[in-house]
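Novice: Need a 3D model of the following:
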Amino acid sequence: MSNEAESTFSMKDLMLSVGEIGGILLAGMVMGAIGMLRKKKWNLFKRQKTERRFVESHGQIHEMLTELRVTVRACRCLIFQFHNGGSFADGTSIKRFSVTHESCGSTVPSMILESQDILVTRYMELIRMMDVTPGKIIRTDTLPPCAFRSGLEINNADYFSVVPLRCIDGITPLGFLCCHWCSPEPLDEIEREGIKQEDLEDLIMQNSSTINTYISYKQRKQ
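Specialist: Sure thing, here's the model as predicted:
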């Protein structure tokens, strides 16, 4: 009788133990599932927040670029940014640049799709001009034959101005801002209004500096 009771008691203990273990495992699975759902929800929230910030930042830069275009009566204003476009066999990076922001007049074709992953080495004349004549308004046909001049002529830019953009340290190249005029009429109108070309070039530099500060600050925050 005693042995039978002990056997029954042991079976009850075993069943209770199995039940407790099962309950713990089930609770762990439930908590794990809740944790995963919370993590996915948080990651989705962060991604949506990042995307919203990117859209807002992009929109702000576009507004500033459009304001510059309208102010100087350019047909097109663009921001190009430098980036690494791969590596050579020896491991050195292949420097490229791409249009990241653009503001065009109502009848002016966009350049953004055709101006991606451009090799910097093909545009050494452009790089030189950023150092020698930043912000100056230059007639396209005064340039020597080069890839930069060909690109301007293909996109009907009779005049242009290019300003270097730098990272927040003020030294590291970030890219450049370029304004295009597809005919001399807007510049002639500005001159007839008594605005000197030097004053217009100063205005381009000032607006470019504001845009540069905004872009470099945003990139540092990311």
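Novice: Tell me which stretches of the chain form strands.
Specialist: Secondary structure of the chain (DSSP state E): strands located at 76-87, 93-104, 118-119, 138-139, 159-166, 173-181.
Novice: Return the list of strands paired to the fifth one, each annotated with direction.
Specialist: By that I understand strand 159-166. strand 138-139 (antiparallel), strand 173-181 (antiparallel) (DSSP bridges).
Novice: Please work out which of those is packed deepest.
Specialist: Neighbour counts (mean count of other C-beta atoms under 10 Å) averaged over each of the strands paired with strand 159-166 peak at strand 173-181, with a mean of 23. In short, each C-beta sits where N, CA and C put it, glycine included.
Novice: who's in contact with the residue lying closest to His101 once chain neighbours are set aside?
Specialist: The shortest distance from His101 to any non-neighbouring residue, by C-beta to C-beta, 6 or more residues apart in numbering, is to Ile79 (4.2 Å). Taking C-beta atoms under 8 Å, 6 or more residues apart in numbering, we find Ile79 in contact with 61, 65, 99-102, 165, 175-178, 211, 215.
Novice: which one of these is nearest Asn155?
Specialist: Cys178 (10.4 Å; C-beta to C-beta).
Novice: so the closest one sits right up against Gln81, yeah?
Specialist: No. Cys178 lies out of contact with Gln81 (C-beta atoms under 8 Å); the separation is 11.9 Å.
Novice: circling back: can I get the strands of the chain in TSV including mean pLDDT?
Specialist: Putting those into TSV (pLDDT from 0 to 100) gives the following:
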stretch	mean pLDDT
strand 76-87	90
strand 93-104	92
strand 118-119	92
strand 138-139	97
strand 159-166	97
strand 173-181	96
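Novice: Can you point out the buried residues in stretch 68-75?
Specialist: Neighbour-count burial for stretch 68-75, counted by 16 or more other C-beta atoms under 10 Å, picks out Leu68, Arg69, Val72, Ala74, Cys75.
Novice: For Tyr159, give the beta-bridge partners.
Specialist: Arg139, Trp181.
Novice: count of neighbours near it?
Specialist: Counted with other C-beta atoms under 10 Å, residues neighbouring Tyr159 total 21.
Novice: Run through the helices of this structure in chain order.
Specialist: Taking DSSP state H, the helices of the chain run over residues 2-72, 124-132, 147-154, 185-192, 197-221.
Novice: Name the residues that touch the second one?
Specialist: Which is helix 124-132. For helix 124-132, using C-beta under 8 Å, 6+ apart, the contacting residues are Val120, Ile138, Leu143, Pro144, Cys146, Ala147, Phe148, Arg149, Val162, Val163, Pro164, Phe176.
Novice: quick one: the last one and Leu165 touch, right?
Specialist: Right, Phe176. Yes. Assessed by C-beta under 8 Å, Phe176 is found in contact with Leu165 at 5.6 Å.
Novice: Of the contacts of helix 124-132, just the buried ones, ChimeraX syntax please.
Specialist: Buried members of the contacts of helix 124-132, defined by 16+ other C-beta under 10 Å, are picked up in ChimeraX with:
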select :120,143,148,149,162,163,164,176
